[in-house]
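**Q** Here's a sequence, model it:
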Amino acid sequence: MLKIAARGSELALSQAGLVAQALVAAATPAELAIGGIRTEIVVVETTGDRQPDRPIGAIGGQGVFVKEVEQAVLDGRADIAVHSAKDLPSVPGTGGLDIVAVPKRADARDALVGRRLAELAPGARVATGAPRRRAQLAWLRPDLRFEQLRGNIATRLAKMPVDGAVVVAYAALQRLGLEELAAEVLPVSTMLPQVGQGALAIQCRPGDAVTTRLVRRLDDADSHRCLDAERAFLAELGGGCDLPVGAYAVVLPDGGLELRGLVASLDGVVLLRRTMQGPSGPAVGRALAREILEHCGGADVLGGSTALA
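**A** Below is the predicted model:
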């Protein structure tokens, strides 16, 4: 029996269910002979869930959907923690939980629900709580007006502005069977995703060799390498989900990595994009961050964004 800790939102439970199904399906003949692998989902309420109407930055920034889920594993109430990788702090906490497995990544792009970008009238309202999304859309369409929005997918869709749009992760729509609601899926060349968007991260206790062995069966090496690159980029910048920062990595045909990085001002007036290639995920992530910070004016832009936030 493996107990899986997850938030209680519909999306989080769907994602935990996907991991549970994959663990059961990965059982070996020897394990099946003694009953296979059974799972149970342990629902955990997080700081972010308890304060759904406040901006994430105001209640602690990155990690507000993670800490209590990790603690359930550390306390022994669960064996595994399943997170949306984008919710994890770029620097691991003090609990000692590492990312053991990253299953194959889903679509990392953002989607507009309601109207396509070109169909939005001048001055139309767009609802999004993400500074990264707001900055990139403002750079593309300075005429747009933005509304703060948080909550689960159903809450966000219910608050769609009249004749406007809501921005959500396309992977979230897919995992909930709602992909037909997407009016437009934005290419990464238009809207660079959040670090880890579309990926799941699975943690278990250090020293729990049996659970670690089972969880590692679900790891997709390419997805894990890409996530490591993106997280290293964010860690080197010193930012989180409350700043307009994005990154997206892909594995090249020769086995190397290509990482795109973004730093922007909150108002979208300044938008810095750079791309770098390299063999090592963390190394290319750190190098790209330093390039943007030290040679492209990124330090000044992030400093201004922090002050505005």
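**Q** rest of the way, CA atoms for contacts and neighbours
**A** Will do.
**Q** which residues are in contact with the helix or strand hosting residue 232?
**A** If you go by DSSP states H and E, residue 232 is part of helix 221-237. For helix 221-237, the external contacting residues (CA atoms under 8 Å, 6 or more residues apart in numbering) are 90-91, 101-105, 195-196, 199, 240, 245, 247-251, 257, 259, 261, 280-290, 293.
**Q** Let's see the PyMOL selection covering just the buried ones among the residues you listed.
**A** Selecting only the buried entries of the contacts of helix 221-237 in PyMOL, with 16 or more other CA atoms under 10 Å as the criterion:
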select buried, resi 90+101+102+103+104+105+195+196+199+240+245+247+248+249+250+251+257+259+261+280+281+282+284+285+286+287+288+289+290+293
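**Q** Filter the contacts of helix 221-237 down to just the ones in strands.
**A** Here DSSP state E is the test, and the contacts of helix 221-237 give 101, 245, 247-251, 257, 259, 261 as lying in strands.
**Q** Dump those residues to a markdown table, plus distance to residue 23 and pLDDT.
**A** What follows is the ones in strands among the contacts of helix 221-237, written out as a markdown table (distance: CA to CA, whole Å; pLDDT from 0 to 100):
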| residue | distance to residue 23 | pLDDT |
| --- | --- | --- |
| 101 | 12 | 98 |
| 245 | 33 | 95 |
| 247 | 29 | 97 |
| 248 | 27 | 98 |
| 249 | 26 | 98 |
| 250 | 26 | 97 |
| 251 | 25 | 97 |
| 257 | 28 | 96 |
| 259 | 30 | 98 |
| 261 | 33 | 97 |
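**Q** now, which of those residues sits nearest residue 209?
**A** Using CA to CA, residue 101 is the member of the ones in strands among the contacts of helix 221-237 that lies nearest residue 209, at 13.6 Å.
**Q** Contact partners for the closest one?
**A** By CA under 8 Å, 6+ apart, the neighbours of residue 101 are 201-203, 215-220, 224.
**Q** Buried subset of those residues, written for ChimeraX?
**A** In ChimeraX, this line selects whichever of the contacts of residue 101 come out buried by 16+ other CA under 10 Å:
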select :201,202,203,215,216,217,218,219,224
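**Q** May I ask which two of the contacts of residue 101 are separated the most?
**A** It's 203 and 220 that sit farthest apart of the contacts of residue 101, by CA to CA, at 14.4 Å.
**Q** Not counting residues beside it along the chain, what's closest to residue 259?
**A** If the residues on either side of it in the chain are set aside, residue 259 comes closest to residue 249, at 4.2 Å by CA to CA, 6 or more residues apart in numbering.
**Q** Report the mean per-residue pLDDT for the helix holding residue 232.
**A** Computed over helix 221-237, the mean pLDDT rounds to 96.
**Q** Quick check: buried residues in it?
**A** The neighbour-count check on helix 221-237 (16+ other CA under 10 Å) flags 222-237 as buried.
**Q** Okay, now the unreliable bits of the stretch 101-250 of the chain?
**A** For the stretch 101-250 of the chain, the stretches with pLDDT under 70 are 150, 239-242.
**Q** Helices of that one, residue ranges please.
**A** 131-140, 153-158, 170-175, 209-216, 221-237 (DSSP state H, counting those that start in this stretch).
**Q** Can you check which of the ones you listed gets nearest to residue 23?
**A** For the helices of the stretch 101-250 of the chain, the distance to residue 23 is smallest for helix 209-216, at 7.2 Å, taking CA to CA.
**Q** just the CA coordinates of the closest one, formatted as CSV?
**A** In CSV, the C-alpha atoms belonging to helix 209-216 read as follows (Å, rounded to 0.1, in the frame of the first residue of the first chain):
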residue,chain,number,x,y,z
ALA,A,209,14.4,2.6,-0.5
VAL,A,210,11.4,0.5,-1.4
THR,A,211,9.1,3.5,-2.2
THR,A,212,12.0,5.2,-4.1
ARG,A,213,12.5,2.2,-6.2
LEU,A,214,8.8,1.9,-7.1
VAL,A,215,8.5,5.7,-7.9
ARG,A,216,11.6,5.8,-10.1
